[in-house]
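1. no FASTA, just this:
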């Protein structure tokens with residue numbers, strides 16, 4: 001089944017930066033989500049890198065309806081199913097396996113799978129995927145690499161993540177094959193842990209003002 005590009009792009013095109021976060025608790029995720037919304041970012045990717053992630057997704061989905069909550073760092077079909085059950089509205093994986101692609105078939109939560117090499121991109125096209133994650137972006141070649149892919153893979157659109165900050169984000173957003181970027185800098189771990197959510201709102205507003 002082809003990727004649900006319409007639903008996915010509606011989320012990704014709504015803001016130039018997708019906050020990618022790891023949270024310590026559900027309450028932290030709720031407060032963080034509210035701070036992001038206050039700054040103008042209306043979607044969040046909560047990664048399954050902590051034991052609190054699924055509970056956090058569930059809490060944000062229930063308590064912060066103004067934000068579209070997604071699940072990231074999905075590595076297995078079970079994680080996909082768990083994230084969907086928790087209320088994730090979209091799912092992000094750093095790469096792609098046939099098993100994860102199968103889990104996504106028929107799901108109301110569209111999958112944003114990762115791909116980087118020409119062979120991986122060709123495989124994704126064959127499976128009906130044209131909106132992809134590019135991770136880790138800077139380590140894989142960054143802006144020059146994505147620029148070199150554009151003439152060959154003209155229908156592919158990327159959400160690069162990894163090593164992106166305010167120092168280089170505009171270079172990524174200027175590329176025609178980039179729809180948005182994923183970034184953790186809008187919600188620094190130390191800032192969130194300290195409960196300085198006003199600072200998160202400031203960083204979110206700065207990111208929201210960027211032009212994708």
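-> All right, it came through fine. Worth saying up front: this structure is predicted, and the values here are computed from it rather than measured. Residues are numbered from 1 along each chain as shown.

2. Show me the shaky parts of the protein.
-> 212 (pLDDT under 70).

3. now the strands: where do they sit in it?
-> 17-21, 43-47, 68-72, 90-92, 111-112, 131-134, 157-160, 181-183 (DSSP state E).

4. CSV please, covering these and showing distance to residue 196 and mean neighbour count.
-> C-beta coordinates here come from the backbone N, C-alpha and C atoms, glycine included. Formatted as CSV, those follow (distance: least, C-beta to C-beta, whole Å; neighbours: other C-beta atoms under 10 Å):
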stretch, distance to residue 196, mean neighbour count
strand 17-21, 14, 27
strand 43-47, 17, 25
strand 68-72, 22, 25
strand 90-92, 26, 27
strand 111-112, 29, 26
strand 131-134, 29, 25
strand 157-160, 27, 26
strand 181-183, 18, 26
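
5. For residue 58, find the nearest of these.
-> strand 68-72 (9.0 Å; C-beta to C-beta).

6. The closest one: how far from the chain's middle?
-> 7 Å (C-alpha atoms, centre = their mean, to the nearest Å).

7. tilt between that strand and strand 17-21?
-> With axes from the mean of the first three to the mean of the last three C-alpha atoms, to 10 degrees applied, the angle from strand 68-72 to strand 17-21 works out at 60 degrees.

8. thinking again about what came up before, any chance of the strands of the chain in a markdown table with distance to residue 122 as columns?
-> Shown next, in a markdown table, are the strands of the chain (distance: least, C-beta to C-beta, whole Å):
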| stretch | distance to residue 122 |
| --- | --- |
| strand 17-21 | 25 |
| strand 43-47 | 26 |
| strand 68-72 | 24 |
| strand 90-92 | 21 |
| strand 111-112 | 18 |
| strand 131-134 | 12 |
| strand 157-160 | 15 |
| strand 181-183 | 23 |
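
9. Verify the contact between residue 105 and residue 4 for me.
-> No - the pair residue 105 / residue 4 is not scored as a contact, 10.4 Å apart, by C-beta atoms under 8 Å.

10. Looking at these two, which one has more neighbours?
-> residue 4 (19 against 11; other C-beta atoms under 10 Å).

11. For the closest residue to that one other than its chain neighbours, what are phi and psi?
-> Closest residue to residue 4 in three dimensions, ignoring its sequence neighbours and counting by C-beta to C-beta, 6 or more residues apart in numbering: residue 110, at 4.0 Å. When read as degrees, to the nearest 10, the backbone of residue 110 gives phi -70, psi 150.
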